[in-house]
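Student: Any chance you could fold what I've pasted below:
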Amino acid sequence: MKKEYSDIIGLPHHVSENRPHMAMLDRAAQFSPFAALTGYDAAVKETARLTDQRIELDDEMKQRLSERLSLLQENLAETPVVKLTYFVPDARKEGGAYRTVTSRVKRIDVFQRLVVLKDGADIPIDEIVDVSGAMFRSLDDSYA
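Tutor: The predicted structure is shown next:
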């Protein structure tokens, strides 16, 4: 045993007369990590989050999409099942994400420019990049 502590090693633990005893949990909290830059980690994660860039459709792709939406409009009574791929802009940064949904079409709202699905989703027509399904096979054959 070292000589420096020999004079205090046998003494009882000090108990303050002026301050209440601190619980072990509170005592441990004073040694927890300190975040000097509050929100920095969130900002770094947001910057690192990847987004897709919007695809600009050429005239041929726009024509193909227009034909498919017209055919879909003509056959709404059959409540066709279609697969729609569309762009969802990111709320926080430039870009967004492409989503694909397969569902029955309830109606096409030409004034609000929406494709309304039976499951309640509204897909903006201007964000749609592809429409496919069994009803478009004759169109697919003509492109081949």
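Student: from here on, contacts and neighbour counts on C-alpha atoms
Tutor: Fine.
Student: Run a quick neighbour tally on residue 82.
Tutor: 19 (other CA atoms under 10 Å).
Student: Please list all residues in contact with it.
Tutor: 102, 103, 104, 105, 131, 132, 133, 134 (CA atoms under 8 Å, 6 or more residues apart in numbering).
Student: any low-confidence regions in the chain?
Tutor: By pLDDT under 70, the low-scoring segments of the chain are 1-3, 34-36, 139-144.
Student: mind listing the helices for it?
Tutor: With helices called from DSSP state H, the chain shows them at 24-29, 40-48, 59-74, 137-143.
Student: Highest mean neighbour count out of those?
Tutor: Comparing the helices of the chain by mean neighbour count (mean count of other CA atoms under 10 Å), helix 59-74 ranks first with a mean of 15.
Student: Mind giving me the packing neighbours of that one?
Tutor: Contacting helix 59-74 under the criterion 3 or more CA pairs under 8 Å, 6 or more residues apart in numbering; DSSP states H and E are the following elements: strand 128-132.
Student: any idea how far the closest residue to residue 135 other than its chain neighbours lies from residue 71?
Tutor: Once flanking residues are discounted, residue 135 sits nearest to residue 80: 7.5 Å by CA to CA, 6 or more residues apart in numbering. Plainly put, residue 80 is 11 Å away from residue 71 if you go by CA to CA, to the nearest Å.
Student: now swap in residue 50 and tell me
Tutor: Distance of residue 50 to residue 71, computed by CA to CA: 35 Å.
Student: Also residue 108?
Tutor: Separation of residue 108 from residue 71 (CA to CA): 11 Å.
Student: Kindly report the same for residue 63.
Tutor: 12 Å.
Student: residues in contact with stretch 40-52?
Tutor: 90, 94, 95, 96, 97, 98.
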